[in-house]
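K.L.:
sequence-free structure coming up:
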């Protein structure tokens, strides 16, 4: 039965201490398939949230071997190191528009490192795995805590680091031990269960009631081609387009129609409104032929205010669409409201003025709260402080260095266990256990391994 974990193919890798995205790595996302297939949204739902399980590659085992050559008696140890496991990174790209790839496939695994060999041969390093995601993707842990915010093109987050390869027995030769018969196993790669959460990034967000003409307006202002029809809820997916004016280029996002109660989740309201959170300017679009256009726009404003007061305070423009209709023309004649833009997405009337108003509003809007453009974001390294905790069943020892030591120890080798005991003394573990009241025969757990304490 085939495993549902995805295996990678071998490539070369960067050094132990860092993740090098300029080196060889396997990439999944827009770069791994044709652009048209990766970016096409026709015929499938827009996916803005996905759960993934990411496993970095394990490090290879070090070799415990000895040099054997004619006329070279007692050649000594020559075991090579294991290769490092591949890491997993997420990289923001403009070539993807949603997270459907990760809805279809949730488990990803980088390549493990190869074992070392005699002759001081180091095992091949596992290939890094780079997973491409749309710009604006948040990476959250299982509890919803923020790991990384990929708010810029090419922003990269290393989310699971490959395990270090184990050292070969050549590293343990000393004046006291001339022929060490042990080597280190490789460390396990990190595993992360994460939530990918997409929030579109745009300069202007079009919000309004269903059938207000937002899709037609987006199409008239930009080269975007959202689905357009004369019935409510034609658009269920956010859409992006780039507009141009004398003041420059800017990105417009169409937020699907909001109904009363959207701020409480009615009509997929939460899913839609979250995409407005990263827009700098809101454009409230109202259907001029509606029975009460002003009531419609006030209802939408109230939903935005209820969802996020901070979002409601951003610069905004009110646009009355469908100026080509007689009802809208009569409304403009009667209206005493100032600052209202009357336009027709069908004929183009009023669109140049609307573009200029958008540019002016963007110029005065505060910069969105996104992190400075990072080259690489790295997760914090586990701490090295030693902690001994008394439990009902015995004692538990925690600490980055001592847990690392356990993973690197071959428990089947007498020489390796002897070195392990020496390192425990050097790190102060035995002293800390005695201070906590350990007695001979007590159970001591370090990492996933349990020992019987014998002084």
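P.N.:
Sure thing, it's come through. This one's a predicted model, so the numbers in the text were calculated from it and none came from an experiment. Numbering: from 1, shown residues only.
K.L.:
could you pull out the strands for the stretch 351-455 of the chain?
P.N.:
Using DSSP state E, counting those that start in this stretch, the strands found in the stretch 351-455 of the chain span residues 377-378, 387-390, 395-398, 443-446, 449-452.
K.L.:
Give the burial count for residue 277, as a bare number.
P.N.:
Residue 277: 17 surrounding residues under other Cβ atoms under 10 Å. (Glycine included, C-beta is placed from N, CA and C.)
K.L.:
pLDDT weak spots in the chain?
P.N.:
1-25, 29-46, 72-74, 223-238, 257-272, 368-385 (pLDDT under 70).
K.L.:
Got the domain ranges for it?
P.N.:
Split into domains by automatic domain parsing, the chain comes to 25-198, 202-364, 387-452.
K.L.:
and among those, the most buried is which?
P.N.:
Among those, judged by mean count of other Cβ atoms under 10 Å, the one packed with the most neighbours on average is domain 25-198 (a mean of 20).
K.L.:
gap between that one and the chain center?
P.N.:
Centre-to-centre, domain 25-198 and its host chain are 15 Å apart (Cα atoms, centre = their mean, to the nearest Å).
K.L.:
which SS class is residue 218?
P.N.:
helix (DSSP: H, G, I helix; E, B strand; the rest coil).
K.L.:
pretty sure it contacts residue 255?
P.N.:
No: the criterion here is Cβ atoms under 8 Å, and residue 218 misses it with residue 255 at 10.3 Å.
K.L.:
so what's in contact with those two at the same time?
P.N.:
Shared contacts of residue 218 and residue 255, defined by Cβ atoms under 8 Å, 6 or more residues apart in numbering, comprise residue 206.
K.L.:
Identify each of the helices in the stretch 151-300 of the chain and give its residue range.
P.N.:
214-221, 269-273, 293-307 (DSSP state H, counting those that start in this stretch).
K.L.:
mind checking which of these is nearest residue 50?
P.N.:
Nearest to residue 50 among the helices of the stretch 151-300 of the chain is helix 269-273; the distance by Cβ to Cβ comes to 13.4 Å.
K.L.:
Could you report the distance from residue 421 to residue 453?
P.N.:
12 Å (Cβ to Cβ, to the nearest Å).
K.L.:
I misspoke; the intended subject was residue 431.
P.N.:
The gap separating residue 431 from residue 453 is 13 Å, by Cβ to Cβ.
K.L.:
Helix or strand: which one has the residue nearest to residue 141 when sequence neighbours are not counted?
P.N.:
Distances taken as Cβ to Cβ, 6 or more residues apart in numbering put residue 147 closest to residue 141, at 5.8 Å, once the chain neighbours are dropped. In this structure, residue 147 sits in strand 146-150 according to DSSP states H and E.
K.L.:
Partner strands of that strand and their direction?
P.N.:
If you go by DSSP bridges, strand 146-150 pairs up with strand 137-141 (antiparallel).
K.L.:
Spatially nearest residue to residue 190, not counting backbone neighbours?
P.N.:
residue 160 (4.3 Å).
K.L.:
quick one: the one you found and residue 193 touch, right?
P.N.:
No: Residue 160 is not in contact with residue 193 according to Cβ under 8 Å; the separation is 10.3 Å.
K.L.:
what residues are shared contacts of these two?
P.N.:
With Cβ under 8 Å, 6+ apart as the test, residue 160 and residue 193 both reach residue 54.
K.L.:
could I get the helices of the stretch 151-300 of the chain as TSV with distance to residue 417?
P.N.:
Shown next, in TSV, are the helices of the stretch 151-300 of the chain (distance: least, Cβ to Cβ, whole Å):
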stretch	distance to residue 417
helix 214-221	68
helix 269-273	56
helix 293-307	60
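K.L.:
Those helices: which one's closest to residue 66?
P.N.:
Across the helices of the stretch 151-300 of the chain, closest to residue 66 is helix 269-273 (Cβ to Cβ), at 63.3 Å.
K.L.:
Return the residues in contact with residue 198.
P.N.:
47, 48, 49, 98, 99, 133, 134, 136, 137, 138.
K.L.:
and the gap between the residue lying closest to the last one once chain neighbours are set aside and residue 366?
P.N.:
Computed as Cβ to Cβ, 6+ apart, the closest residue to residue 138 that is not its neighbour in sequence is residue 197, at 4.3 Å. To residue 366, residue 197 is 23 Å away according to Cβ to Cβ.
K.L.:
I'd like to know how far residue 141 sits from residue 47.
P.N.:
From residue 141 to residue 47 the distance is 20 Å (Cβ to Cβ).
K.L.:
Residue 115 now?
P.N.:
40 Å.
K.L.:
Go ahead and confirm residue 408 touches residue 184.
P.N.:
Yes: in this structure residue 408 lies within contact range of residue 184 using Cβ under 8 Å: 4.2 Å.
K.L.:
shared neighbours, those two?
P.N.:
Counting by Cβ under 8 Å, 6+ apart, the residues touching both residue 408 and residue 184 are 166, 167.
K.L.:
re the thing from before, which stretch among the helices of the stretch 151-300 of the chain comes nearest residue 360?
P.N.:
Residue 360 lies closest, by Cβ to Cβ, to one member of the helices of the stretch 151-300 of the chain: helix 214-221, at 15.2 Å.
K.L.:
Distance from the closest one to the middle of the chain?
P.N.:
31 Å.
K.L.:
ditto for stretch 323-332
P.N.:
Put simply, stretch 323-332 sits 47 Å off its chain's centre (Cα atoms, centre = their mean).
K.L.:
how about the residue nearest the centre of the chain, what does it touch?
P.N.:
By Cα atoms, centre = their mean, the chain has its centre lying nearest to residue 139, at 3.5 Å. Residues near residue 139 by Cβ under 8 Å, 6+ apart: 90, 146, 147, 148, 149, 150, 157, 159, 194, 195, 196, 197.
K.L.:
and with 7 Å instead?
P.N.:
90, 147, 148, 157, 159, 194, 196 (Cβ atoms under 7 Å, 6 or more residues apart in numbering).
K.L.:
now residue 214
P.N.:
With Cβ under 7 Å, 6+ apart, residue 214 has these contacts: 206, 208, 254, 285.
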